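Undergrad: what's the 3D shape of this:
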Amino acid sequence: MKGIPQQVEVKANTKVKMSNLANTRKRSDYFWAYLMIAPTMLGLMIFYLWPILQTFYYSFTEWGAFGQYEWTGLDNYKRMIEDTNLIKSFKNTGIYIIFTVPIGIFLSILIAVLLNQKIKGKSIYRTLYFLPVITMPAAIAMVWKWLYNSDYGLLNYLLSLIGIKGPQWVSDPKIALYSLIAVAIWSGIGYNMVIFLSGLQGIPKTYYEAAEMDGAGPIRVFFKITLPLLSPVIFFVSIMSLIGAFQVFDLIFMMIGKSSTALENTQSIVYLFYQHAFVLNDKGYAAAIAVLLLVVILIITAIQFVLQKKWVHYD
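TA: Model prediction:
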């Protein structure tokens, strides 16, 4: 009987040693995990977090010559209330979003569904639709600027063949913004199409087989099976498309001239930020515009996350 307490003590010591060894391994795992993600976290802090904090601070300052600035408090934000250019830029950006996001998503879903069928040469079609995505935005803008040219552009030439005088696509203030919208939709379809294709291919075929046995037609299958099961992908694409539309700049910069009469009706929030930051050297007010844009995007994204509970199906 005397050996029993010794055995219990040995087992207790063994458990303590094993526990200490497990804790040591756990700490070692944590150390190596943090070490591996340290370069990424450092990069995020240097190139993302720190610039955001700097921009927020600079939004309360006024800049002068030679990089000098002074604290002005809320003056830049008060100035926004009376800035008609800012209001106009928000209006232009809103129109751009209203057209590009829904139409772009609709066309991307339509093309993805068609290319998900058993058709000949679908790999070629997928490649052709994706080509604008890997093309530089500047190159896209220059090609479309040539197509839109009112004197020797291809579009006006084709219209002249049927006796129609083509408009000034990028210099007429009434239609210039819609010309940019058409280019944005065309260039963005390929990226969204690939995402929707991956979502479609992730839907189990058993659902379609069961629907076919029940005699459901293709339209009913699309609205009752495909669309609900694709809703998480649609939600993701809508968020990314909305954020991207808020940040539109390159098409306006490349296709609309700085002295063009259509600039006022096409400039976006980001383009206005560019003008104040790099043309007018009004970096304090430019930083305030950037902060305002960030807040607007965060609010709209938060609203999207709240509303997605009513229409996104994850099961």
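Undergrad: For residue 72, which residues are in contact?
TA: 60-62, 284 (CB atoms under 8 Å, 6 or more residues apart in numbering). Using the backbone N, CA and C atoms, a C-beta is placed for each residue, glycine as well.
Undergrad: could you measure it against residue 83, distance?
TA: 15 Å (CB to CB, to the nearest Å).
Undergrad: Also residue 171?
TA: 25 Å.
Undergrad: Tell me which of the two has more neighbours.
TA: With neighbours defined as other CB atoms under 10 Å, residue 171 and residue 83 compare such that residue 171 has more, 19 against 15.
Undergrad: Pretty sure the more buried one sits against residue 259.
TA: No - using CB atoms under 8 Å, residue 171 makes no contact with residue 259, being 10.3 Å away.
Undergrad: Confirm for me that residue 293 is in contact with residue 246.
TA: Yes - the pair formed by residue 293 and residue 246 meets the contact definition of CB under 8 Å, at 6.6 Å.
Undergrad: Break down the stretch 51-200 of the chain into its strands, ranges please.
TA: 61-63, 69-71 (DSSP state E, counting those that start in this stretch).
Undergrad: deepest of those strands, which one?
TA: strand 61-63 (a mean of 19; mean count of other CB atoms under 10 Å).
Undergrad: Quickly run through the sheet partners of that strand, with directions.
TA: Strand 61-63 has the following strand partners under DSSP bridges: strand 69-71 (antiparallel).
Undergrad: So which residues make contact with the strand it pairs with?
TA: Contacts for strand 69-71 (CB under 8 Å, 6+ apart): 58, 60-64, 283-284.
Undergrad: Tell me the one among the residues you listed nearest to residue 184.
TA: Of all the contacts of strand 69-71, residue 184 sits closest to residue 283, with 28.1 Å by CB to CB.
Undergrad: residue contacts, that closest one?
TA: Contacts of residue 283 by CB under 8 Å, 6+ apart are 58, 63, 69, 276-277.
Undergrad: which of these sit farthest apart?
TA: Top of the distance list for the contacts of residue 283 (CB to CB): 69 and 276, 13.7 Å.
Undergrad: And the helices in the stretch 151-300 of the chain?
TA: 154-161, 176-201, 205-213, 218-221, 227-246, 250-255, 269-274, 283-307 (DSSP state H, counting those that start in this stretch).
Undergrad: ok, the contacts of residue 72 vs residue 145, which is closest?
TA: For the contacts of residue 72, the nearest to residue 145 is residue 284 (33.3 Å; CB to CB).
Undergrad: Excluding chain neighbours, give the residue nearest to residue 126 in space.
TA: With sequence-adjacent residues excluded and distances taken as CB to CB, 6 or more residues apart in numbering, residue 126 is closest to residue 115, at 5.8 Å.
Undergrad: ok, the one you found - how many residues close by?
TA: Neighbours around residue 115, by other CB under 10 Å: 18.
Undergrad: Wait, it touches residue 124, no?
TA: No - with contact defined as CB under 8 Å, residue 115 does not count as touching residue 124 (10.2 Å).
Undergrad: what sits against residue 183?
TA: So residue 183 contacts 140-141, 144, 251, 255 (CB under 8 Å, 6+ apart).
Undergrad: State the distance from it to residue 225.
TA: Distance from residue 183 to residue 225, by CB to CB: 34 Å.
Undergrad: Also residue 104?
TA: Distance from residue 104 to residue 225, by CB to CB: 23 Å.
Undergrad: Comparing those two, which residue is more hemmed in?
TA: Taking neighbours as other CB under 10 Å, residue 104 and residue 225 compare with residue 104 leading, 25 against 17.
Undergrad: Quick check: the gap between the more buried one and residue 72.
TA: Residue 104 is 40 Å from residue 72, by CB to CB.
Undergrad: Same question for residue 66.
TA: From residue 66 to residue 72 the distance is 18 Å (CB to CB).
Undergrad: Next: residue 88.
TA: With CB to CB as the criterion, residue 88 and residue 72 are 24 Å apart.
Undergrad: And for residue 56?
TA: Distance from residue 56 to residue 72, by CB to CB: 14 Å.
Undergrad: So for residue 133, which of the helices of the stretch 151-300 of the chain sits nearest?
TA: Per CB to CB, nearest to residue 133 of the helices of the stretch 151-300 of the chain: helix 176-201, 4.4 Å.
Undergrad: Name the nearest of the contacts of residue 283 relative to residue 119.
TA: Looking across the contacts of residue 283 and measuring by CB to CB, the closest to residue 119 is residue 277, at 48.5 Å.
Undergrad: how many other residues sit next to residue 206?
TA: 8.
Undergrad: now do the one 4 residues further on
TA: Residue 210 is flanked by 12 other residues according to other CB under 10 Å.
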